[in-house]
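Peer 1: 3D, please:
(chains A and B)
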There are 2 protein chains.
Amino acid sequence: MDDKVNLAEKLASFDEAFTPKIVATYNDNKVQVAKTRGEFVWHSHPDTDDLFLVVSGQLTIQLRDRDVVLGPGELYVVPRGVEHCPKADPEAHVLLIEPMGTPNTGDSPERDAAAEERI
Amino acid sequence: MDDKVNLAEKLASFDEAFTPKIVATYNDNKVQVAKTRGEFVWHSHPDTDDLFLVVSGQLTIQLRDRDVVLGPGELYVVPRGVEHCPKADPEAHVLLIEPMGTPNTGDSPERDAAAEERI
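Peer 2: Here you go, the predicted structure:
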């Protein structure tokens, strides 16, 4: 973890969707890359904001009142407590930053979708 | 601050080097964009890591024992307390994440170089 991280290389090293991989740490946060295909689950994180930066493809972050559509080089921070559901058609590659220990499914009952792994 | 951020658009909106602009907040951190031209000052941040992601150009993060050379789509987290001096020739555009209140010159005596501004 003491070297630079090439996001495209890290993203090329796995294929599963919605399984963020930790590529670095920043203070008590995990810096992750993930592939998004189709729709995730509606959830919120009551204790933290959620930073998304699109590396490639198009990611739509559905909020209850609107959609935030992100292309490459665009970022959006979902404020803590705000329900959201990311989706991509067909696929987006994203950088995510969340505190250590934050499940990617937030408060969703679908907690078995939560996954994190270091690469 | 409640909308998406296009990094290239934000970077096109100013020209000064070494004057990070806050484009979003993530918990207690400022998400910034900056232009780097030439060499900054040697400094460290005793209380925080320092996240750099290159958007365009090439950034060399000089450490006391080696250089970390970053191109577009590459990131590096300078661990807290580690002396570093970023440089770019001729110019690099970067995304920076640091806690609110962190001067970009860290513990350097050149504190008047510290600057931050919201765009």
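
Peer 1: sketch out the low-pLDDT regions of chain A for me.
Peer 2: A:1-2, A:110-117, A:119 (pLDDT under 70).

Peer 1: what does it put close to chain B?
Peer 2: Neighbours of chain B within chain A, by Cβ under 8 Å from any Cβ of the partner chain: A:3-8, A:23-27, A:31, A:48-49, A:51, A:53, A:55, A:68-70, A:73-77, A:80, A:95, A:97, A:99. (C-beta placed from N, C-alpha, C; glycine too.)

Peer 1: now the helices for chain A?
Peer 2: A:7-12 (DSSP state H).

Peer 1: most centrally placed residue in chain A?
Peer 2: Centroid check for chain A by Cα atoms, centre = their mean gives A:L96 as the closest residue, at 4.2 Å.

Peer 1: please tell me how far it sits from B:V82.
Peer 2: Going from A:L96 to B:V82 by Cβ to Cβ, to the nearest Å gives 25 Å.

Peer 1: do the same with A:P46
Peer 2: Distance, A:P46 to B:V82, by Cβ to Cβ: 34 Å.

Peer 1: and if you look at A:L75?
Peer 2: Counting by Cβ to Cβ - A:L75 and B:V82 are separated by 26 Å.

Peer 1: what residues are up against A:L7?
Peer 2: For A:L7, the contacting residues are A:V23, A:V33, A:V55, A:H93, A:L95, B:G73, B:E74, B:L75, by Cβ atoms under 8 Å, 6 or more residues apart in numbering or on different chains.

Peer 1: by contact count, what packs against the lengthiest strand in chain A?
Peer 2: In chain A, with assignment by DSSP state E, the single longest strand is strand A:84-99. Judged by 3 or more Cβ pairs under 8 Å, 6 or more residues apart in numbering or on different chains; DSSP states H and E, strand A:84-99 is in contact with helix A:7-12, strand A:29-39, strand A:50-57, strand A:59-63.

Peer 1: could you dump that strand to PDB, C-alpha only?
Peer 2: Provided in PDB are the C-alpha atoms of strand A:84-99 (Å, rounded to 0.1, in the frame of the first residue of the first chain):
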ATOM      1  CA  HIS A  84     -29.500   6.800  -2.900                       C
ATOM      2  CA  CYS A  85     -29.300   4.000  -5.400                       C
ATOM      3  CA  PRO A  86     -26.500   3.900  -7.900                       C
ATOM      4  CA  LYS A  87     -27.000   2.400 -11.300                       C
ATOM      5  CA  ALA A  88     -25.100   2.100 -14.500                       C
ATOM      6  CA  ASP A  89     -26.100   0.900 -17.900                       C
ATOM      7  CA  PRO A  90     -24.200  -1.000 -19.000                       C
ATOM      8  CA  GLU A  91     -21.200  -0.400 -16.700                       C
ATOM      9  CA  ALA A  92     -19.300   2.400 -14.800                       C
ATOM     10  CA  HIS A  93     -16.000   2.300 -13.100                       C
ATOM     11  CA  VAL A  94     -15.800   4.400 -10.000                       C
ATOM     12  CA  LEU A  95     -13.600   5.600  -7.200                       C
ATOM     13  CA  LEU A  96     -15.300   5.500  -3.800                       C
ATOM     14  CA  ILE A  97     -14.300   7.000  -0.500                       C
ATOM     15  CA  GLU A  98     -15.900   5.900   2.800                       C
ATOM     16  CA  PRO A  99     -14.800   5.500   6.400                       C
END
